[in-house]
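Participant: coords please:
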Amino acid sequence: MARGHNAATIHSLVAAPGPLAPRRHRMIYKFKSAASGDVIMLGPHGDAMLRLLGRTPAAKGIVEPRDMPSAIAALRAAIEEAERRAAAPADGQADAQADARGEAEPPVSLRRRLWPMIDMLERAAKADVPVVWGV
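Facilitator: Down below sits the predicted model:
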């Protein structure tokens, strides 16, 4: 599992493309587990989330119950790091760039984006069942 999360990976999860953004990446991840409902993520967000888990993004995969505690810890650590960075004083340049691009709404927080996956992993770990995608 990856320690010390890459700022670009975290940013890719937080800075979601707007509805008018070009659709370069059309893959959709559908994470499944017998312990919960499905979690669906757009390709770039699923790729970034898998990188936070120390995995290479792939069309198919599995998180075994024995790996879930470390996966949950990695996602929570990434959330804490993103929130710590967001709380740091900014130079205003990012806000000016967002305004220039016409982004009126703030990006979705990492906490909100990853909460469904953390919930799925916690339920799957408790039920001792895997989380799979692409199958």
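Participant: Low-confidence ranges, this structure, go.
Facilitator: 1-25, 90-105 (pLDDT under 70).
Participant: residue boundaries of the helices in it?
Facilitator: Using DSSP state H, the helices of the chain run over residues 7-14, 43-52, 68-87, 93-100, 110-127.
Participant: need those in a markdown table with distance to Gly61 and mean neighbour count, can you?
Facilitator: From N, CA and C alone the C-beta is placed, and that goes for glycine too. Shown next, in a markdown table, are those (distance: least, C-beta to C-beta, whole Å; neighbours: other C-beta atoms under 10 Å):
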| stretch | distance to Gly61 | mean neighbour count |
| --- | --- | --- |
| helix 7-14 | 17 | 17 |
| helix 43-52 | 7 | 22 |
| helix 68-87 | 12 | 16 |
| helix 93-100 | 33 | 10 |
| helix 110-127 | 13 | 18 |
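Participant: now for those, which one comes closest to Arg26?
Facilitator: Nearest of these to Arg26, taken as C-beta to C-beta: helix 43-52 at 6.8 Å.
Participant: Using PDB, write out every CA atom in the closest one.
Facilitator: Provided in PDB are the C-alpha atoms of helix 43-52 (Å, rounded to 0.1, in the frame of the first residue of the first chain):
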ATOM      1  CA  GLY A  43     -13.000   6.300 -14.600                       C
ATOM      2  CA  PRO A  44     -10.600   9.100 -13.500                       C
ATOM      3  CA  HIS A  45     -12.000   9.000 -10.000                       C
ATOM      4  CA  GLY A  46     -11.800   5.200  -9.800                       C
ATOM      5  CA  ASP A  47      -8.300   5.200 -11.200                       C
ATOM      6  CA  ALA A  48      -7.200   7.800  -8.600                       C
ATOM      7  CA  MET A  49      -8.900   5.900  -5.800                       C
ATOM      8  CA  LEU A  50      -7.200   2.600  -6.800                       C
ATOM      9  CA  ARG A  51      -3.800   4.500  -6.800                       C
ATOM     10  CA  LEU A  52      -4.500   5.600  -3.300                       C
END
